[in-house]
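Asks: structure for the following, please:
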Amino acid sequence: MEKLTSVEGRAYPFGMKNVDTDIVIPAHWLKTISRSGLGKGAFEVLRTEPGNVFDDPEYAGSPILIAGDNFGCGSSREHAAWALMDLGIKVVIAPSFSDIFSGNAFKNGILTVVLPQEAIDRLMEVARTDPISVDLEHQSVTTPFQDRFAFDIDPFRKQCLLGGLDEIGLTLASGAAIDGYEAKAARERPWVVPAIA
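Replies: Next up is the predicted model:
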């Protein structure tokens, strides 16, 4: 997982409420176990509508998505986070998220930022013309117009995102302690350690 400290750039001014994971990535895209290529299917149904924000060249490659309340509700498909990542999105800002989606996003290196609706409204306005900055270390979202919105984040999730640590990375970070435990166990209980032929 890549380290995430700050993200700056244009944001998709999406704003739709109650976006479920089937809207993020339709079910027929779930036949793959690969994370690459899912960005093409992200918001597929909405992208059939003329003038949709996801196919607007002005927002192409935007690393931030501004969404409405209850983003990521519905099924627990991890493919939703994979599709957002493949689309280039590193941060989703919304008034609230489905717990399962928020967990999947975190495990895949996507920061979910919860802000009140008034802040979302202002960010939607700014996103139409200017970039937005998200600073994870200082837990703030800012605009070029001196807007500053503070957000809360679980300290463990913050540490993992800043360090680029997923479950495997966390385990590897404890490698010395694990090796020490295994060596001690081999000395104290040699009958537990299998013999190497």
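
Asks: switch to C-alpha atoms for all contacts and neighbour counts from now on
Replies: OK.

Asks: give me the spatial nearest neighbour of the spatially most central residue of the chain, chain neighbours excluded.
Replies: With distances taken as Cα atoms, centre = their mean, the residue of the chain nearest its centroid is I110 (1.7 Å). Nearest non-adjacent residue to I110, counting by Cα to Cα, 6 or more residues apart in numbering: K90, 4.9 Å away.

Asks: was I right about the one you found contacting G109?
Replies: Yes. Contact between K90 and G109 holds when scored by Cα atoms under 8 Å: they sit 7.3 Å apart.

Asks: per-domain residue ranges of the protein.
Replies: Here the domain assignment for the chain is 6-165, 166-197, based on automatic domain parsing.

Asks: what does the residue nearest to the centre of the chain show for phi and psi?
Replies: Main-chain torsions, I110, degrees, to the nearest 10: phi -100, psi 130.

Asks: from D130, how far out is it?
Replies: Using Cα to Cα, to the nearest Å, we find I110 at a distance of 22 Å from D130.

Asks: before we move on, the earlier item: just the domains of the chain: most buried one?
Replies: Of all those, domain 6-165 carries the top mean neighbour count, a mean of 18, counting by mean count of other Cα atoms under 10 Å.

Asks: measure it end to end?
Replies: Start-to-end, domain 6-165 (Cα to Cα) is 16 Å.

Asks: off-centre distance for it?
Replies: 7 Å (Cα atoms, centre = their mean, to the nearest Å).

Asks: helices and strands around the helix or strand where V126 lies, which ones?
Replies: Secondary structure from DSSP states H and E places V126 in helix 117-127. Helix 117-127 sits against strand 11-13, strand 64-66, strand 91-94, with contacts defined as 3 or more Cα pairs under 8 Å, 6 or more residues apart in numbering; DSSP states H and E.

Asks: as CSV, those with distance to D135 and mean pLDDT would be great.
Replies: As requested, the helices and strands packed on helix 117-127 are arranged in CSV below (distance: least, Cα to Cα, whole Å; pLDDT from 0 to 100):
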stretch, distance to D135, mean pLDDT
strand 11-13, 14, 98
strand 64-66, 12, 98
strand 91-94, 10, 98
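
Asks: looking at those, which is nearest to S76?
Replies: Comparing these by their distance to S76 (Cα to Cα), the top pick is strand 91-94, with 17.1 Å.
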